[in-house]
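**Student:** test case, fold it:
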Amino acid sequence: MRWNLDLDACALLITIALMAYYQHRTVLPLVQNHMFFAVMSMSCVVMVTDMVASMPFLYNNSSDIFAAYFFNSLYYIALATFPFVFGLYTKTVVGMKLNNAGGPIFYLKALPYLAVVVIILTSPLNHLIFYLSEDGYFNYGPGRPIMFFETVFYLLYSLVVMLDHRHEVKRVKRYSIYLFLFSAFVGHVVQVYFLPYKQCVSLAVTFGLLIIFLTYQNPEYDRDQKTGMLSEYSLRVVKTEEQLYRKYHPTAMLGFENYQVLSSTYSNHKMVEVAKEISLYLRLLFPRRKIFYMHRGRFLIILDDDMDIFEDRKKIMERFKEPFYVDGAEVWLSPRFVYEGDKEIVKNHSYLTYYNCMRDGLELAMQQEYGGYVLLTDEIIENAVRDRQIDQALRNALDQRNLAVYFQPIYSTKEQRVTAAEALVRIEDPELNIIYPDDFVWRAEKNGSILALGDIVIRKVCEFIKNNDMEKLGLQYIEVNLSPIQCMREQLADEVLSILKEYDVDPHYINLEITESAASDEEVIHRNMDRLLEHGVTFSLDDYGTGYSNLVNVLSLPLHIIKIDKSIVWAYFNDGNDILLKVMKTFEDQSVELVCEGVETKEMADVLSLIGCQFEQGYYYSKPVPEARFLEYLKGEGNDA
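**Tutor:** Now for the predicted structure:
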């Protein structure tokens, strides 16, 4: 039977073309990419050695027995090596760290491969894998299935690794690996048991490699489609691997102070062209550096440890003193920089923390003059870490609906007792302890979860009212804060009334606090207020004196209570500022009640009562406390004043 090398030749040409393209494009410096190139290289070695070893037998026998044994041994060693290398590659795909060669774990996993190599090397003596007859004819040995079982072992190993990490790997990667393993297995079965003289394995493996290349190993997938630069996702992958292998490279981020203004002035097409021009300039300036486009005019550059970052900064500043020309228009850009400084600062943090640090540092640099820069400090890192922790704590609290509602009493100077309370939300986190609204409410407004947060708070307040006798407690109402985003919803009134009905709560026990910024949208807030007022819900204006509405807007609202911000109250006591008196005079004839916030001492409480303040709220009476402590306070069993 003559050997047929057509399939080998075809597969070899395809693989060489893949390798040439792979090397020509900019490839991320990842262990996974290096291993994929190693897999393709090993595949080529298998095909080349197979072709060289088979050449003498195209006409049935070989006259050079030594050369025949040598090249066939090389081929079988390469054939045994390929599945072992692919198993290592699979580990990198799922994000596992490759063990150092020479360690006990490495040798344990390599044991089947090493055993097969020994058998191959001794085949000229034991004739297990192959042998040559005295007249130079090639023959398969009785132990040839050992090669097949070694291949199956490492294919199964790759399958187990992928299945074990299936939830951590994108679907396209999983199915590409599955298809490769299936193709390689079928190719080996066909060649070993059905077509021993046709190189089906080579074609099957190449087909599998082509699938992997086309689905996720193509270097083009690492690029931002608009600019051609490496993408933000690619940076995430690089930084994640750096964490895994503890090999870290410093980075710098470049942004532009006026980029947002330009974005609102020019079309999206023109801004994309601007980004391309900047990308081209940076590639020419740093031809050997990996540069990533982070969107919104931000670029990140991986630096060498010995780079003079300030000299490079000067070059960039000089270039941007001249405009870029896009479609005949001059575009001027004002650069800002952030550097990691000491790379050890962010070495032990996740990619998200690293990215937030660079972003926050760039925001600080934006506040400086042309060419300003920021070096990351421990303080910036700590703030970024805490920001991420708070974001996670907020998500957990919303998912588990376990936001804590604290209550702060409101004291009536006329009745000389507590007659109401304000409900204030808190997050009780096991790591961060108590997180206050100033740290998370704005985040909820920014990420859109403020509606879910508001829903939970009003439900918890309704639950408190339902479970307690308000008259017996001496409480006339509970104040619930509304964010401006809630106030802008047309459905606000219906949603609040629906919750009150669900908990069977008298609407008179609910007072909704709005801010001056929410009051600025008169049309929507008026409709919601009128509908809720019809059912007995009252309204108060919180933190008066700090917002944006003018007095006319405030007086046009059907408000029951005006809460004077503590800054105005403190200014009266600390600086003798008479704005407080003017505010009280303004509302004297408006049929609204005034609450002075920030009351911290008995002197303040007495003076405010004398000048006509009807209600007082502050730490003098009690700080915001959990429900149980608030009930104790009301019953006279505890006092946090």
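**Student:** next one: stretch 462-471 to chain centre, how far?
**Tutor:** 41 Å (C-alpha atoms, centre = their mean, to the nearest Å).
**Student:** buried set for that stretch?
**Tutor:** Cys462, Phe464, Ile465, Met470 (16 or more other C-beta atoms under 10 Å). The C-beta positions use only the backbone N, C-alpha and C, and glycine is treated the same way.
**Student:** residue contacts, Phe180?
**Tutor:** Phe86, Val205, Gly208, Leu209, Ile211, Ile212 (C-beta atoms under 8 Å, 6 or more residues apart in numbering).
**Student:** in JSON lines: those residues, plus pLDDT, secondary structure and neighbour count.
**Tutor:** Shown next, in JSON lines, are the contacts of Phe180 (pLDDT from 0 to 100; DSSP: H, G, I helix; E, B strand; the rest coil; neighbours: other C-beta atoms under 10 Å):
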{"residue": "Phe86", "pLDDT": "96", "secondary structure": "helix", "neighbour count": "27"}
{"residue": "Val205", "pLDDT": "93", "secondary structure": "helix", "neighbour count": "26"}
{"residue": "Gly208", "pLDDT": "94", "secondary structure": "helix", "neighbour count": "25"}
{"residue": "Leu209", "pLDDT": "95", "secondary structure": "helix", "neighbour count": "25"}
{"residue": "Ile211", "pLDDT": "95", "secondary structure": "helix", "neighbour count": "18"}
{"residue": "Ile212", "pLDDT": "95", "secondary structure": "helix", "neighbour count": "21"}
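**Student:** which two among those residues are spaced furthest apart?
**Tutor:** Of all pairs drawn from the contacts of Phe180, the greatest distance, 13.3 Å, lies between Phe86 and Ile211 (C-beta to C-beta).
**Student:** poorly predicted segments of the stretch 401-550 of the chain, please.
**Tutor:** Confidence mapping of the stretch 401-550 of the chain against pLDDT under 70 gives the ranges 518-522, 547-550.
**Student:** okay, helices next: where are they in it?
**Tutor:** Assigned by DSSP state H, counting those that start in this stretch, the stretch 401-550 of the chain shows helices spanning 437-447, 450-467, 470-473, 484-487, 492-503, 516-519, 522-534.
**Student:** to Arg174, which of these lies closest?
**Tutor:** Smallest distance to Arg174 across the helices of the stretch 401-550 of the chain (C-beta to C-beta): 30.2 Å, for helix 437-447.
**Student:** what angle do that closest one and helix 450-467 make?
**Tutor:** Counting by axes from the mean of the first three to the mean of the last three C-alpha atoms, to 10 degrees, helix 437-447 points 130 degrees away from the direction of helix 450-467.
**Student:** i'd like the first residue to be 417 from this point on
**Tutor:** Sounds good: first residue 417 from here, last item helix 853-863.
**Student:** tell me how far the residue nearest the centre of the chain lies from Gln805.
**Tutor:** By C-alpha atoms, centre = their mean, the mean C-alpha position of the chain lies nearest to Leu768, the distance being 5.3 Å. Computed as C-beta to C-beta, to the nearest Å, the Leu768 to Gln805 distance reads 11 Å.
**Student:** ditto for Val534
**Tutor:** 54 Å.
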